[in-house]
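A.B. asks: quick one: sequence plus predicted model below, questions after.
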Amino acid sequence: MIVSLGGGFADNMASAFIGYARCSTDKQDLAAQRAALEALGVAPDRVYVDHGLSGTSRARPGLDQALAAVRAGDTLVVPKLDRLARSVPDARAIADQLLARGVRLQLGSSVHDPHDPMGRMFFNILATFAEFEADLIRLRTREGMALARARGRLRGKQPKLSDRQQKELRRMHDTGDYSISDLAELFSVSRPTVYRTLKRQSLLSRAT
């Protein structure tokens, strides 16, 4: 189960709180996570951070330092599970490593007790939801980029035809009366440009 701050390990062990915070981009502010960790009893100089690294990246120097700093009886404190890991296997691996070393894992105000079967199940559920949320974010990002490309809003080669010309080219192509070569000649562009325009218009129509 998820227990209060005293459960799960021997209470007579000397303990310390080690904090970990992470942001995916350098532009994000860690102040909120630092404040949350301080409110949970972590000293500011015991907080390890990673800047500009995603949760799916296991090569995180700040996390490695935090894991190296904890000792038996200590508690690794993380504001939320998705700050620690965004995949179920990664979350389980970290939890198992802490368990083997006799280290508590505190997620927000709750301590994960890996000795309890219900606690392990609940932790796995949390990890599954965190991974699912990360997958949704990646999916929305890919869809947004596809839409932006279709609209010509990303950096790169700008469309040779205006929006109106692209729509007209697509309309004429859909009638079946014009070949790719005909459209290239009519719009004074190359055949590859016609293909790119048709693909762009197809992406745009599916995204809207």
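C.D. replies: Okay, I see it. Computed from a prediction, not measured in an experiment: that's the story for all the values here. Numbering: from 1, shown residues only.
A.B. asks: quick one: name whatever helix or strand follows the lowest-mean-pLDDT helix or strand in the chain.
C.D. replies: For the chain, the helix or strand with the lowest mean confidence is strand 2-3, at a mean of 42 (criterion: mean pLDDT, DSSP states H and E). Later in the chain than strand 2-3, the nearest helix or strand by DSSP states H and E is strand 17-22.
A.B. asks: that following strand pairs with which strands, parallel or anti?
C.D. replies: Using DSSP bridges, the neighbouring strands of strand 17-22 in the sheet come out as strand 47-50 (parallel), strand 75-78 (parallel).
A.B. asks: mind putting these into JSON lines with mean pLDDT?
C.D. replies: JSON lines is the format used below for those (pLDDT from 0 to 100):
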{"stretch": "strand 47-50", "mean pLDDT": "93"}
{"stretch": "strand 75-78", "mean pLDDT": "93"}
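A.B. asks: the ones you listed: which one's closest to residue 65?
C.D. replies: strand 47-50 (4.8 Å; Cβ to Cβ). Bear in mind the C-beta positions are built from the backbone N, C-alpha and C, glycine included.
A.B. asks: contacts for the following helix or strand past the closest one, please.
C.D. replies: Next along the chain after strand 47-50, taking DSSP H and E as the criterion, comes helix 61-69. Contact partners of helix 61-69, identified using Cβ atoms under 8 Å, 6 or more residues apart in numbering, comprise 18-22, 46, 48-50, 53, 76, 84, 94, 97-98.
A.B. asks: buried sites along helix 61-69?
C.D. replies: Under the neighbour-count criterion of 16 or more other Cβ atoms under 10 Å, helix 61-69 has 62, 63, 66, 67 buried.
A.B. asks: tell me the angle it makes with strand 17-22.
C.D. replies: 160 degrees (axes from the mean of the first three to the mean of the last three Cα atoms, to 10 degrees).
A.B. asks: returning to what we had before: got the strands paired with strand 17-22 as TSV, with mean neighbour count and distance to residue 171 columns?
C.D. replies: What follows is the strands paired with strand 17-22, written out as TSV (neighbours: other Cβ atoms under 10 Å; distance: least, Cβ to Cβ, whole Å):
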stretch	mean neighbour count	distance to residue 171
strand 47-50	21	50
strand 75-78	25	54
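A.B. asks: of all these, which one is nearest residue 163?
C.D. replies: Distances from residue 163 to each of the strands paired with strand 17-22 were compared by Cβ to Cβ, and the smallest falls on strand 47-50, at 41.9 Å.
A.B. asks: which of the contacts of helix 61-69 are buried, as a PyMOL select command?
C.D. replies: A single PyMOL command suffices to select whichever of the contacts of helix 61-69 are buried according to 16+ other Cβ under 10 Å:
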select buried, resi 18+19+20+21+22+46+48+49+50+53+76+84+94+98
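A.B. asks: correct me, but residue 104 touches residue 98?
C.D. replies: Yes - at 7.4 Å, residue 104 and residue 98 qualify as touching, with contact defined as Cβ atoms under 8 Å.
A.B. asks: in what helix or strand does residue 160 lie?
C.D. replies: Using DSSP H and E, residue 160 falls within no helix or strand.
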